[in-house]
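*Asks:* 3D, please:
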Amino acid sequence: MKEHLEDFLIFGTYPEVILAKSRNEKIEVLTEMVNSYLLKDILSLEKIKGTKQILDLLKLIAFQIGREVSLNELASQIKLDVKTVGKYLDLFEKIFILYRLNALSRNLRKEVTTKSKYYFYDNGIRNGVILQFNNLSNRNDAGELFENFFVMERVKYLSNNSIYRNLYFWRTYDGQGIDLIEEGDGKLFGLEVKYSPTSKLKKIKTFLSTYDNATVELVNKDNYLSYLIWINYISKSVINS
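*Replies:* Numbering: from 1, shown residues only. Okay, the predicted model is just below:
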């Protein structure tokens, strides 16, 4: 997992892709998956005619990883009504292309409540939608790719091991935020996800003072494996001030 992290961030973890023998073969497999599975099989199955619009919608989501998504803004950009956009997003959730993460909001008026964040279940599909397979050193979205990868692998780990937790993100309108919050055992466990190991936790005091049963830790590319398979939160030392 550590040695091949960059490959996972760019090409994802589908078995066919991992088993591909070359970079070009990985790209061919992903491109075919996007073109046939996404644009032909699904659209035909659901009798959707707007091929271009639904691909445009996925592209918009791909460029908004880690950010709150406004259905009204999406609808305006691809010239569809809000209900249709919501229907398409719901479809992609049901077929495990997109994962929706809702906001945590219980106490503060300035907390973001009406928007959600969307992640791709697989990084390779995300990059296949926008046709960007260049190395991390030649792109400016390494942070977004890492966040997408970690959040989704954490979601998969919890599901595969029958660990039941409510999952959220937290944001305020003045810019404070935490990428992933897990609710379990009567507590809130925040995970701020940053690719760089030199990143620092910022602007979390309001969250900790508002939710007295909460803790927050920082996840990066050097320590993410220990958090990916993190089960017993109580046994770990946590940041609580």
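*Asks:* how many neighbours does Arg154 have?
*Replies:* 22 (other C-beta atoms under 10 Å). (Glycine included, C-beta is placed from N, CA and C.)
*Asks:* Actually, Ile27.
*Replies:* 19.
*Asks:* How many residues are close by the residue nearest to it when sequence neighbours are not counted?
*Replies:* Of all residues not flanking Ile27 in the chain, Phe133 sits nearest, at 5.3 Å (C-beta to C-beta, 6 or more residues apart in numbering). Phe133 is flanked by 17 other residues according to other C-beta under 10 Å.
*Asks:* In contact with Phe133, which residues?
*Replies:* 10-11, 23, 26-27, 30, 127 (C-beta atoms under 8 Å, 6 or more residues apart in numbering).
*Asks:* Doesn't Ile54 lie inside a strand?
*Replies:* No: read with DSSP: H, G, I helix; E, B strand; the rest coil, Ile54 is helix and lies in no strand.
*Asks:* gap between the spatially closest residue to it that is not a sequence neighbour and Val129?
*Replies:* Distances taken as C-beta to C-beta, 6+ apart put Tyr88 closest to Ile54, at 5.6 Å, once the chain neighbours are dropped. Going from Tyr88 to Val129 by C-beta to C-beta, to the nearest Å gives 13 Å.
*Asks:* mind checking pLDDT for Glu28?
*Replies:* Glu28 carries a pLDDT value of 96.
*Asks:* Now do the contacts for it.
*Replies:* Ala20 are the contacts of Glu28 under C-beta under 8 Å, 6+ apart.
*Asks:* what's the burial count for the nearest residue to Asn123 once chain neighbours are set aside?
*Replies:* Using C-beta to C-beta, 6+ apart and skipping residues adjacent in sequence, the residue nearest Asn123 is Gly12, 4.4 Å away. By other C-beta under 10 Å, 25 other residues sit near Gly12.
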